[in-house]
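[1] Sequence first, predicted coordinates after that:
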Amino acid sequence: MNTILISRDESLKFESENDRESRSKLRGHHLICLNFFRGEGYSEDFIRNIYEVLTKKKVEIVSGPDEVCAKCPYLKDEKCASHEYTDETILVQDKKALGLLGFVPGEIVDWKMIAAIVPDILEEWKAQFCEGCGYREVCFNK
Ligand code: SF4
């Protein structure tokens, strides 16, 4: 996996007060995976966008492509065309993530709520989805 790294300090140059107060729109599996974001991603634009997404305190849960996908080089015709996944498998991940977290599309949550649940569901999530993921090393140092 080819990724680049941008530090949070560097990215904060792009953060505004408004961003912190507003709401991001995210799909199910990103509610779990972004807890392990370490500044790596598919492109500079993609990474900067994630830092911006993470400055927003509230999250509106959406189905399908979200604010992270919007800057992803793998988003094609509103579908995930990643070399690692199919759009179908990503949708399954979203559904499973929301089931584990106890959230539904359309719900508005915040990162504190998510962080409180993630430790309890992480082992099940890892067992099902992290094994073959290219970011496993970044998230869990292995
Ligand atoms: S790889 Fe797919 S699910 Fe992940 S951000 Fe890109 S388009 Fe979205």
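    Good, I have the coordinates. Numbering: from 1, shown residues only.
[2] now the helices for the chain?
    For the chain, the helices defined by DSSP state H cover 8-11, 17-21, 28-33, 44-55, 87-101, 111-125, 136-140.
[3] out of the ones you listed, which comes closest to the ligand?
    Of all these, helix 87-101 sits nearest to the ligand, with 4.7 Å by Cβ to the nearest ligand atom. From N, CA and C alone the C-beta is placed, and that goes for glycine too.
[4] average model confidence for the closest one?
    For helix 87-101, the mean pLDDT works out to 97.
[5] so it versus helix 111-125, what angle?
    Computed with axes from the mean of the first three to the mean of the last three Cα atoms, to 10 degrees, the direction of helix 87-101 lies at 110 degrees from that of helix 111-125.
[6] most centrally placed residue in the chain?
    His30 (2.8 Å; Cα atoms, centre = their mean).
[7] got JSON lines for the helices of the chain, with distance to Ala70 too?
    Below are the helices of the chain laid out as JSON lines (distance: least, Cβ to Cβ, whole Å):
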{"stretch": "helix 8-11", "distance to Ala70": "17"}
{"stretch": "helix 17-21", "distance to Ala70": "15"}
{"stretch": "helix 28-33", "distance to Ala70": "12"}
{"stretch": "helix 44-55", "distance to Ala70": "7"}
{"stretch": "helix 87-101", "distance to Ala70": "14"}
{"stretch": "helix 111-125", "distance to Ala70": "19"}
{"stretch": "helix 136-140", "distance to Ala70": "21"}
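[8] Phe36 is in contact with Val118, correct?
    No. Taking contacts as Cβ atoms under 8 Å, Val118 lies outside contact range of Phe36: 9.3 Å.
[9] list the contacts for Trp125?
    32, 96-97, 100 (Cβ atoms under 8 Å, 6 or more residues apart in numbering).
[10] Can you add neighbour count and give those back as a markdown table?
    Listed next are those as a markdown table, based on neighbours: other Cβ atoms under 10 Å:
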| residue | neighbour count |
| --- | --- |
| Ile32 | 25 |
| Lys96 | 18 |
| Ala97 | 22 |
| Leu100 | 19 |
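[11] Check the gap between the residue nearest to the residue nearest to the centre of the chain when sequence neighbours are not counted and Ile108 for me.
    In this structure, His30 finds its nearest non-sequential neighbour in Val68, 5.4 Å apart by Cβ to Cβ, 6 or more residues apart in numbering. According to Cβ to Cβ, to the nearest Å, Val68 and Ile108 sit 17 Å apart.
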